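*Asks:* prediction below, plus the sequence it came from.
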Amino acid sequence: MAEIVKVAKGLENVVVDKTAIATTSSSGDLLYRGYKAIDLAEKKSFEDTAFLIINGKLPNEAESLRFKQAIRNNMKIDHSVREIMKINKEKDLMRNIRSMISLYPYAEKDQQGLFLKMDSIIPQLSSDTHNAFNGKPYKDGEGDGYSDTFFSMISDGKHKDNARSFQKLMILYMEHEFNASTFALRVAASTLTDPVSAVCSALATLKGPLHGGANSEVLEYLGSIKSKDDAKNYVDEKILKGEKIMGFGHRVYKRRDPRAQFVKGELKKIAPDYDLFQAAEAIEDYLWEKKNLPANVDLYAAILMKFLGIDESFYLPVFAASRIYGWNAHYFEQVNNNKIIRPAAEYVGPENLTL
């Protein structure tokens, strides 16, 4: 019998495989294929960053144009899917996105083409789900690229000048090593299941409040913070009860989440006096003073999207519409050097019972 190796619960600090897609450097920077994610967010388009994540290199001008056009062409969805959504009228956007990804009548025969189709349709699926439930007409997006088009579908139209800030956020959401949804996808991929099934595993995992679903919960408490004293009282009460404060703490980042600080910087430029931003800063400062607990990207991402006029129901689909490009890369990295992921468990139940 092979030797059993016990590891930390939740696989904390356990290296389970190798990846060339993303990592956090020793200095605390999130790297995509060796480039700082915050540099890519500042200087590159969503499409060029996605190309990098999937292909391992930045595109040249011709590759960039072809890839951008391929995404644009694939963003359109089949009419039959819209008919299903009209009948179903599902309120939960993530649940419906997962269902429609599974049910979609894909015409693509090769796995790369299939993945690109899945990558491209989440914005339209998100918008259509919301409109079908609310009895509104379907809306086709307008814009120069993937994130601009998505933004035009889901924002209130009052902050078009800040569409670039939304694109930066989507770039920072695109990839983050072996996070829970990515690992779920790789577990599925390791069985050599098809890309659609693997993505459905990832979407189901992303929906959890301890992974992608924290954004809305951030806004629930920030609205009640009107002063620094309110911030202190809220933090003290949570600490006393031993309760988690959403938007703070991270398995990887112990001192700072570079994504959070980058989005915070965006807010300082476009909305320095926004009440939710000021409340978040007050809580961040006090929580660091009390517990050395850093803000994570969910804190400021929620505020940015709220400021941009995006309904809370879209927050998690925005995450999914970005992260699916990372899932794309991880699926093929897994299957191209595969071994089924099947850990052991320590049994702690009863034995030798008799009837």
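*Replies:* Noted; the coordinates are in hand.
*Asks:* quick one: the helices in the stretch 101-250 of the chain?
*Replies:* 111-133, 146-154, 163-173, 180-190, 195-206, 215-222, 228-241 (DSSP state H, counting those that start in this stretch).
*Asks:* okay, now Glu12: neighbour count?
*Replies:* By other C-beta atoms under 10 Å, 8 other residues sit near Glu12. Heads up, the C-betas are built off the backbone N, CA and C, glycines and all.
*Asks:* report how many residues lie close to the residue lying closest to it once chain neighbours are set aside.
*Replies:* In space, and not counting its chain neighbours, Glu12 is closest to Arg251: 6.6 Å by C-beta to C-beta, 6 or more residues apart in numbering. Arg251 has 12 neighbours, counted by other C-beta under 10 Å.
*Asks:* for Val16, see how far away Arg251 is.
*Replies:* Remark: distance between Arg251 and Val16 (C-beta to C-beta, to the nearest Å) = 14 Å.
*Asks:* with Tyr106 instead?
*Replies:* Distance of Tyr106 to Val16, computed by C-beta to C-beta: 31 Å.
*Asks:* with Leu116 instead?
*Replies:* With distances taken as C-beta to C-beta, Leu116 is found 27 Å from Val16.
*Asks:* circling back: which of the helices of the stretch 101-250 of the chain comes out lowest on mean pLDDT?
*Replies:* Mean pLDDT per stretch puts helix 215-222 lowest among the helices of the stretch 101-250 of the chain, at a mean of 82.
*Asks:* now do the buried residues in whatever helix or strand Glu266 lives in.
*Replies:* According to DSSP states H and E, Glu266 maps onto helix 258-270. Residues of helix 258-270 classed as buried by neighbour count (16 or more other C-beta atoms under 10 Å): Pro258, Arg259, Ala260, Phe262, Val263, Lys264, Glu266, Leu267, Ile270.
*Asks:* quick one, what contacts Leu276?
*Replies:* Taking C-beta atoms under 8 Å, 6 or more residues apart in numbering, we find Leu276 in contact with Leu219, Leu222, Gly223, Ile303, Lys306, Phe307.
*Asks:* shouldn't it be within a strand?
*Replies:* No: per DSSP: H, G, I helix; E, B strand; the rest coil, Leu276 lies outside any strand segment and is helix.
*Asks:* now do it, the pLDDT please.
*Replies:* Per-residue pLDDT puts Leu276 at 95.
*Asks:* and for Glu177?
*Replies:* On pLDDT, Glu177 comes in at 92.
*Asks:* could you count how many residues lie near it?
*Replies:* Using other C-beta under 10 Å, Glu177 is surrounded by 16 other residues.
*Asks:* what does Asp140 give?
*Replies:* 13.
*Asks:* quick one: contacts for it?
*Replies:* Asp140 makes contact with Lys76, Gln124, Met153 under the criterion C-beta under 8 Å, 6+ apart.
*Asks:* from Pro258, how far out is it?
*Replies:* Plainly put, Asp140 is 35 Å away from Pro258 if you go by C-beta to C-beta.
*Asks:* wait, doesn't Pro123 sit right on Tyr146?
*Replies:* Yes: counting by C-beta atoms under 8 Å, Pro123 does reach Tyr146; the two are 7.2 Å apart.
*Asks:* among those two, which residue is more densely surrounded?
*Replies:* Counting neighbours by other C-beta under 10 Å for Pro123 and for Tyr146 shows that Tyr146 has the greater number, 27 against 24.
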